[in-house]
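Participant: structural data only, the sequence is not supplied:
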């Protein structure tokens, strides 16, 4: 299997890389939405991060990546009792995927050849405990958007069709990418992404040259290139694992809660998901930085990522969402 481009070798796109790292530290943040023009490294970064992460322990031959033998769904056949290590799953959801392909369906081959009613798992089952990546997420069909909303809210995929009644866990980090010029995302799905970042091509000629140089080296002489960046990727992997261990011990002072609420109130964010996501992202940032408690600086740092896609449109304000968040952060937090 071809090894992905090293995460540490990606030039620039610091906010996108940081957002992905934060969701690796705390998957409960709720995923990342990456909006920008084509060819800016969106899919490269997702695959690179998954390759960077340590393998997961899962039951042998379980397509749902069950962590323990007792968690294996009843419909799974042939799963062993032994735990094996496997790469963190990264499942691509094609734009034209059918509902059956996404949620799973009756195994037609077994039904015809053996007369057995068996379940063929879909993309959601295979993405459990990993990443579900959707390119051009803003062009996704409405019925699939509704389906994803249900699964994202419950963490469980439920199938009731063709005489089948199946359910299985489906908890994954949802990563969506798209070009805003090709269509907007439905507000219901937009709100389900924990973090949102905008990416663009480098405007500096030296940065563009470095992108070309590294990609060319990766394609022409892969092994030496991978070896060159292995140390930095290993260092980052250890930092993510250390932050995961530290996460539960991070203190959350009352002042941090007040800062989160004040920011969302001033920005007019709907509901309370903005505050909760902002707090989790700030805590993950503190864990990654090696700090013992969430501070105002942590909240201010992650606020643009956590809130820019939750703003109501203001026809009298022509500033972009990131600019509006930065302005309010400055006014509220100083």
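Facilitator: Right, received. Where do you want to start? Just so it is clear, the structure is predicted and the values come from calculations on it, not from any experiment.

Participant: can you show me the strands along the stretch 51-200 of the chain?
Facilitator: With strands called from DSSP state E, counting those that start in this stretch, the stretch 51-200 of the chain shows them at 56-59, 83-86, 90-92, 104-106, 119-121, 131-135, 156-161, 164-169, 173-178, 195-199.

Participant: let me have those strands in JSON lines, extended by distance to residue 24.
Facilitator: Using the backbone N, CA and C atoms, a C-beta is placed for each residue, glycine as well. Compiled in JSON lines, the strands of the stretch 51-200 of the chain are given as follows (distance: least, C-beta to C-beta, whole Å):
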{"stretch": "strand 56-59", "distance to residue 24": "12"}
{"stretch": "strand 83-86", "distance to residue 24": "17"}
{"stretch": "strand 90-92", "distance to residue 24": "12"}
{"stretch": "strand 104-106", "distance to residue 24": "27"}
{"stretch": "strand 119-121", "distance to residue 24": "24"}
{"stretch": "strand 131-135", "distance to residue 24": "9"}
{"stretch": "strand 156-161", "distance to residue 24": "23"}
{"stretch": "strand 164-169", "distance to residue 24": "19"}
{"stretch": "strand 173-178", "distance to residue 24": "8"}
{"stretch": "strand 195-199", "distance to residue 24": "12"}
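
Participant: export the ones you listed as CSV, with columns for mean neighbour count, mean pLDDT and distance to residue 309.
Facilitator: Below are the strands of the stretch 51-200 of the chain laid out as CSV (neighbours: other C-beta atoms under 10 Å; pLDDT from 0 to 100; distance: least, C-beta to C-beta, whole Å):
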stretch, mean neighbour count, mean pLDDT, distance to residue 309
strand 56-59, 19, 88, 29
strand 83-86, 13, 88, 32
strand 90-92, 19, 86, 22
strand 104-106, 21, 75, 30
strand 119-121, 21, 80, 31
strand 131-135, 24, 86, 15
strand 156-161, 16, 82, 25
strand 164-169, 17, 82, 27
strand 173-178, 25, 85, 11
strand 195-199, 23, 87, 4
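
Participant: residue 306 is nearest to which of the ones you listed?
Facilitator: With C-beta to C-beta, the closest approach to residue 306 among the strands of the stretch 51-200 of the chain belongs to strand 195-199: 5.9 Å.

Participant: which strands and helices sit next to the closest one?
Facilitator: Counting contacts by 3 or more C-beta pairs under 8 Å, 6 or more residues apart in numbering; DSSP states H and E, strand 195-199 packs against helix 14-25, strand 32-36, helix 296-307.

Participant: what residues sit buried inside the next helix or strand after it?
Facilitator: Toward the C-terminus, strand 195-199 is succeeded by helix 205-220 as the next helix or strand (DSSP states H and E). Using 16 or more other C-beta atoms under 10 Å as the test for burial, helix 205-220 gives 211, 214-215, 218.

Participant: ok, so of the residues you listed, who is nearest residue 62?
Facilitator: For the buried residues of helix 205-220, the nearest to residue 62 is residue 218 (33.4 Å; C-beta to C-beta).

Participant: quick one: secondary structure of the closest residue to the closest one other than its chain neighbours?
Facilitator: Ranked by C-beta to C-beta, 6 or more residues apart in numbering and with sequence neighbours excluded, the top spatial neighbour of residue 218 is residue 225, at 4.9 Å. Assigned with DSSP: H, G, I helix; E, B strand; the rest coil, residue 225 falls in the helix class.
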